[in-house]
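S.K.: Coordinates for the following, if possible.
(one chain, ligands or ions: 1)
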Amino acid sequence: MAEQINNMPNEQGYFGEYGGSYIPPQLQVIMDEITESYNEIKNDPAFIEELKYLRKHYIGRPSPIFYAESLTKQVGGAKIYLKREDLNHTGAHKINHCVGEALLAKRMGKKKIIAETGAGQHGVALATAAALVGLECDIYMGIVDIEKEHPNVARMQVLGATVVPVTRGTQTLKDAVDAAFEAYLKDPVTQLYAIGSVVGPHPFPMMVRDFQEIVGIEAKEQFQEMTGAGPDALVACIGGGSNAIGLFTAFLEDDVDIYGVEPAGKSFKEGEHAATLTLGKPGVLHGFACYLLQDDEGQPLPVYSIASGLDYPGVGPQHSYLKDIERVQYKTANDSEAVEAFYTLSRVEGIIPALESAHAVAYAMKLAKELGPDKSILLNLSGRGDKDIDYILANYPPED
Ligand SMILES: Cc1ncc(COP(=O)(O)O)c(C=O)c1O
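M.R.: Numbering: from 1, shown residues only. You can find the predicted model right below:
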């Protein structure tokens, strides 16, 4: 089984029954071109060298692993280690796939890269990569998120990207994806839609995973070097699932428990959470099959999370598959647990996490207590919280 997991997806982009490509024929032609170009460059020594160079000298990889000793003491249980993706250039894991996607777009002769963004981290990372390789860049963003994540909006503008406000629906991530898809359909020839997570039609879930896999490859070696053993558990938050699959991939065949953490929002009432794998059912969204929070007609339900990067009604097809085969356990953390973890990590370690990553911290704190002091947890700290500070201070001011 393990070997099979690492050979996925199949040629049509399926992870078991999930993934694939549910798109109009004219777009399928373009997706086939992207798949072909990607399969070519991923084995091209010049591309491999360029990516390696940029990872080291531009992104700042390898990102370190940090033993969060004070957090561990405060929680009283398993040792918690952080993979510091927050220290990457632009402040999150998103830059790992954006540099790859931008290089691919350039190689394919595209003029512009476009994308959706929720928290603004993918938008900033893509605007950065576009500036680096010399491409135009449009970023679609819901106006609720524009308001909440305004530091990232300013960064995208400074980087030369156009931020396109999305006013439909709940004015958040799913609506931004809808708008970006529509814009892409109008001109899939000169533009490349650089999807921001392991979602969308084939080859994106595979390609974004491949660009993120470096996180787990590094972490495995670093953890072994630091502790002389492998971790007992892995923890990462799940929006579409790119930071999680980035950490998990290198460990899927190992003897380690793996946990993905979804946002439980305000409650498990419809529209107040985005716990897709926990409460969804298989369906189709944005051109691929996955677990989906949906109504009786298969239409996506409104979703919510305090973390703009997590409020998506679908989830990566590989995560959907890993849930079904029970290789990964999918848990939840709610808004108030995330805010508490946000403050705790800031106060005891001097590390301000992104609200998305704070969901993983919240769950790891619970898990550490359950596991006890002989065990270890490796957590993917997917991003830093600078973008969230104004929002948190205005809505959840510190109590002291
Ligand atoms: C810091 C951070 N972590 C996690 C996520 C969620 O995305 P994914 O599940 O693809 O890692 C986002 C999305 O914006 C993010 O900005």
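S.K.: for the ligand, what are the nearby residues on this protein?
M.R.: Residues of the chain lying close to the ligand (C-beta under 6 Å from any ligand atom) are 92, 118-119, 121-122, 197, 237-244, 309-310, 354, 356-357, 382-383. The C-beta positions use only the backbone N, C-alpha and C, and glycine is treated the same way.
S.K.: what's the nearest residue to residue 398 if we skip its chain neighbours?
M.R.: In space, and not counting its chain neighbours, residue 398 is closest to residue 343: 6.7 Å by C-beta to C-beta, 6 or more residues apart in numbering.
S.K.: Please disregard the earlier target; I meant residue 261.
M.R.: Per C-beta to C-beta, 6+ apart, closest to residue 261 is residue 363, 4.3 Å.
S.K.: how many other residues sit next to the one you found?
M.R.: 25 (other C-beta atoms under 10 Å).
S.K.: who's in contact with the residue in the stretch 201-350 of the chain that the ligand sits nearest to?
M.R.: As assessed by C-beta to the nearest ligand atom, the ligand sits closest to residue 309 within the stretch 201-350 of the chain, at 2.3 Å. Counting by C-beta atoms under 8 Å, 6 or more residues apart in numbering, residue 309 makes contact with 118, 119, 121, 122, 173, 239, 354, 355, 356, 383.
S.K.: who touches the closest residue to the first one other than its chain neighbours in this structure?
M.R.: Closest residue in space to residue 118, ignoring its immediate chain neighbours: residue 173 at 3.7 Å, by C-beta to C-beta, 6+ apart. Taking C-beta under 8 Å, 6+ apart as the criterion, residue 173 is in contact with 116, 117, 118, 142, 145, 239, 308, 309, 311, 312.
S.K.: Ramachandran angles for the second one?
M.R.: Geometry field for residue 117 lists phi and psi as phi -150, psi 150, criterion degrees, to the nearest 10.
S.K.: burial measure for it, as a count.
M.R.: Residue 117, neighbours per other C-beta under 10 Å, totals 32.
S.K.: Okay, and the closest residue in space to it that isn't next to it in sequence sits in which element?
M.R.: Nearest residue to residue 117, sequence neighbours excluded (C-beta to C-beta, 6+ apart): residue 123, at 3.3 Å. Taking DSSP states H and E as the criterion, residue 123 maps to helix 121-133.
S.K.: Can I get that helix as PDB, trimmed to CA atoms?
M.R.: Presented in PDB, the C-alpha positions along helix 121-133 are these (Å, rounded to 0.1, in the frame of the first residue of the first chain):
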ATOM      1  CA  GLN A 121       0.100  34.400   1.400                       C
ATOM      2  CA  HIS A 122      -0.300  32.600  -1.900                       C
ATOM      3  CA  GLY A 123      -1.000  35.900  -3.600                       C
ATOM      4  CA  VAL A 124       2.100  37.600  -2.100                       C
ATOM      5  CA  ALA A 125       4.200  34.500  -2.900                       C
ATOM      6  CA  LEU A 126       3.000  34.400  -6.500                       C
ATOM      7  CA  ALA A 127       3.400  38.200  -7.000                       C
ATOM      8  CA  THR A 128       7.000  37.700  -5.700                       C
ATOM      9  CA  ALA A 129       7.700  34.900  -8.100                       C
ATOM     10  CA  ALA A 130       6.200  36.800 -11.000                       C
ATOM     11  CA  ALA A 131       8.400  39.800 -10.200                       C
ATOM     12  CA  LEU A 132      11.400  37.400 -10.000                       C
ATOM     13  CA  VAL A 133      10.900  35.800 -13.400                       C
END
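S.K.: what comes up buried for that helix?
M.R.: For helix 121-133, burial by neighbour count (16 or more other C-beta atoms under 10 Å) applies to 121, 122, 123, 124, 125, 126, 127, 128, 129, 130, 132, 133.
S.K.: Help me confirm that the fifth one comes into contact with residue 92.
M.R.: Yes. Using C-beta atoms under 8 Å, residue 125 makes contact with residue 92 at a distance of 6.7 Å.
S.K.: Contacts only, for the residue in the stretch 1-150 of the chain positioned nearest to the ligand.
M.R.: Closest residue of the stretch 1-150 of the chain to the ligand, C-beta to the nearest ligand atom: residue 121 (3.2 Å). Neighbouring residues of residue 121 by C-beta under 8 Å, 6+ apart: 90, 91, 92, 94, 152, 309, 354, 383, 387.
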